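Q: heads up, no residue letters with this:
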C-alpha cells in the first residue's frame, strides 16, 4: 500500500506549484467552448482499492 501511494504521489499526480504547472511542461490552453466541454471523455481509474483516483482523457 505504501509503495502504491508513493508512486501515485511522486509520479502520477501533478505537483503543486505555480498554477499547478509541472516543471518543463506548460499548461494546455483553456477550454472555453461549452460544446467542446460537453464532449470531453474523462475516465477515472481507482488505485489502492479506491482510496486514490487517477483521471485521464480517453483516447
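A: Arrived safely. No experiment lies behind these values; they were computed from the predicted model shown. Numbering: from 1, shown residues only.
Q: Could you pull out the strands in the chain for me?
A: 42-47, 52-57 (DSSP state E).
Q: could you dump these to a markdown table with mean neighbour count, mean pLDDT and distance to residue 26?
A: Heads up, the C-betas are built off the backbone N, CA and C, glycines and all. Shown next, in a markdown table, are the strands of the chain (neighbours: other CB atoms under 10 Å; pLDDT from 0 to 100; distance: least, CB to CB, whole Å):
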| stretch | mean neighbour count | mean pLDDT | distance to residue 26 |
| --- | --- | --- | --- |
| strand 42-47 | 10 | 86 | 21 |
| strand 52-57 | 11 | 82 | 17 |
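Q: so which of those strands gets nearest residue 29?
A: For the strands of the chain, proximity to residue 29 was assessed by CB to CB; strand 52-57 is nearest, at 14.2 Å.
Q: What is that closest one packed up against?
A: With contacts taken as 3 or more CB pairs under 8 Å, 6 or more residues apart in numbering; DSSP states H and E, strand 52-57 sits against strand 42-47.
Q: What is the least confident helix or strand in the protein?
A: helix 34-38 (a mean of 80; mean pLDDT, DSSP states H and E).
Q: Residues contacting it, please?
A: For helix 34-38, contacts defined as CB atoms under 8 Å, 6 or more residues apart in numbering pick out residue 31.
Q: where in this structure is pLDDT low?
A: For the chain, the stretches flagged by pLDDT under 70 are 12-25, 27, 59.
Q: Give me the most central residue, it.
A: Centroid-nearest residue in the chain, with CA atoms, centre = their mean: residue 55, separated by 4.9 Å.
Q: Help me confirm that it comes into contact with residue 46.
A: No - judged on CB atoms under 8 Å, residue 55 makes no contact with residue 46 at a distance of 10.8 Å.
Q: What distance do you get for residue 1 to residue 48?
A: Residue 1 sits 6 Å away from residue 48, going by CB to CB, to the nearest Å.
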